[in-house]
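In: Below are the sequence and a predicted model for it; my questions follow.
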Amino acid sequence: QLQLVESGGGLVQPGGSLRLSCTVSGFTLNYYTIGWFRQAPGKEREGVSCISVSDGTFYADSVKDRFTISRDTANNSVSLQMNNLKPEDTAVYHCTAARWFPHRGWEKPYYYDYWGQGTQVTVSS
C-alpha cells in the first residue's frame, strides 16, 4: 500500500528553522515527482516546492531562497529544509506524489495522486 508520512513539524520562532521529512513506502521514490503543499486555516492549499524524477527543483516565490527540497533515495524520503521562517509560513504541510510530472503546473494540487496526512508548522514568538 502506497503511503507518505510527514514528520518534523513544530513550533518555532520567526527567523528559526525546521526540517520536514516525507517518508514513503509502497512505491519506488525515484519514479515519482514529490511535492510539498501547505494549507493555512481559511486558505486554499498552496504549492510550496516539488522535486522531479530528474531532481529538478521548483519553489513558490514566497519561499524561494529560504526553503530547500532534496531527495534521499537511500532512506526513501524527501526533505524540506525551511530557514528564516516567517509567521505567514504557519500551516499544515503535506507531502504528495505524482507518477507523471505536472507540466501544466507543479503547484496545482489536483495533478498529484497520493497525499500524506500533514504536519503542523507554527511560526510564532
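Out: In hand now; what should we look at? Residues are numbered from 1 along each chain as shown.
In: bridging residues for the residue nearest the centre of the chain?
Out: Nearest to the geometric centre of the chain sits W36, at 2.0 Å (Cα atoms, centre = their mean). Beta-bridge partners recorded for W36 (DSSP bridges): S49, C95.
In: Distance check, it against L80.
Out: As judged by Cβ to Cβ, to the nearest Å, W36 and L80 stand 5 Å apart. No exception for glycine: its C-beta is placed from N, CA and C like everyone else's.
In: Which neighbours do those two have in common?
Out: Residues touching both W36 and L80 (Cβ atoms under 8 Å, 6 or more residues apart in numbering): 20, 22, 48-49, 69, 93, 95.
In: Tell me the most packed of those residues, by neighbour count.
Out: Of all the shared contacts of W36 and L80, C95 has the most neighbours under the rule other Cβ atoms under 10 Å, reaching 31 neighbours.
In: thinking that residue is in contact with C22, fair?
Out: Yes. Judged on Cβ atoms under 8 Å, C95 makes contact with C22 at a distance of 3.4 Å.
In: Mind listing the shared neighbours of the two?
Out: Common contacts of C95 and C22 (Cβ under 8 Å, 6+ apart): 4, 6, 34, 36, 78, 80, 116.
In: Okay, the second one and G118: tell me how far apart.
Out: Right, the one you point to is E6. E6 is 6 Å from G118, by Cβ to Cβ.
In: For the residue nearest to the centre of the chain, which residues are in contact?
Out: Contact analysis of W36 by Cβ under 8 Å, 6+ apart lists 20, 22, 47-50, 69, 78, 80, 93-96.
In: Test my guess that S79 contacts T73.
Out: No. With contact defined as Cβ under 8 Å, S79 does not count as touching T73 (12.0 Å).
In: Between these two, which has more neighbouring residues?
Out: Neighbours around S79 and T73, counted as other Cβ under 10 Å, are more numerous at S79. The numbers are 20 against 10.
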